[in-house]
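> Sequence and predicted structure below; questions after.
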Amino acid sequence: MLLADNFFECPKCGYLCEISLRPDTKHYGEIRCPEHGHRWVPKPNSEKNKKRKVNAHLKKYIPESYQGFCELCLRSKSLLMSLKPSLSFEVHHVIPYEDGGSDDPENLRLLCSECHQSIHALRRSFNRFQSNDS
């Protein structure tokens, strides 16, 4: 718990530790509890990206004939499971939910986790080039 004057309460023992600010990381800083050692301190009042945990719920909207393979790379479920580490299926929104996309079956695709990550990496890359003037 972050306290005033850059002190942080160790979550294990309650000891008040001074925070060493660390602008070179994604964290606010770090503490060193004499008993529990090093811990990172999250940025104060920063909301993490709350991911919607709806994959299992949305899979039932994908037609059964599409559930045995990735719709992008076409690898079968058995092939994905045989890889080390194995890949799982994830539900992808064609139009992102944050941009007004719906959970309707027409907006959903079943992808392996590798293809799903690739699509979102490409979106982030292309979004850098969009101007805010339009």
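Looks like it came in fine.

> shaky segments in the chain?
1-6, 22, 25, 27-28, 40-56, 130-134 (pLDDT under 70).

> Can you show me the strands along it?
In the chain, the strands defined using DSSP state E lie at 2-3, 7-9, 16-18, 20-21, 29-33, 37-41, 89-93, 108-112.

> Of these, which is nearest Arg75?
Among those, the nearest to Arg75 by CB to CB is strand 108-112 (6.2 Å). For every residue, glycine as well, the C-beta is placed using N, CA and C.

> Buried deepest among the strands of the chain, which one?
Among these, the stretch with the highest mean neighbour count (mean count of other CB atoms under 10 Å) is strand 108-112, at a mean of 22.

> Hey, what's the angle from it to strand 89-93? Just curious.
Using axes from the mean of the first three to the mean of the last three CA atoms, to 10 degrees, the direction of strand 108-112 lies 140 degrees away from that of strand 89-93.

> what's the closest of the strands of the chain to Arg128?
strand 89-93 (20.5 Å).

> what would the strands of the chain look like in CSV with distance to Glu71?
Output for the strands of the chain, formatted as CSV (distance: least, CB to CB, whole Å):
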stretch, distance to Glu71
strand 2-3, 44
strand 7-9, 46
strand 16-18, 50
strand 20-21, 46
strand 29-33, 43
strand 37-41, 38
strand 89-93, 8
strand 108-112, 5
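
> name the helices or strands packed onto the longest helix along the chain?
When the chain is scanned for its longest helix (criterion: DSSP state H), the result is helix 113-127. When contacts are defined as 3 or more CB pairs under 8 Å, 6 or more residues apart in numbering; DSSP states H and E, helix 113-127 sits against strand 89-93.

> Return the list of helices and strands in contact with the strand it packs on.
Helices and strands touching strand 89-93, by 3+ CB pairs under 8 Å, 6+ apart, are helix 55-59, strand 108-112, helix 113-127.

> Can you give the strand pairings for it, parallel or anti for each?
Counting by DSSP bridges, the strands paired with strand 89-93 are strand 108-112 (antiparallel).
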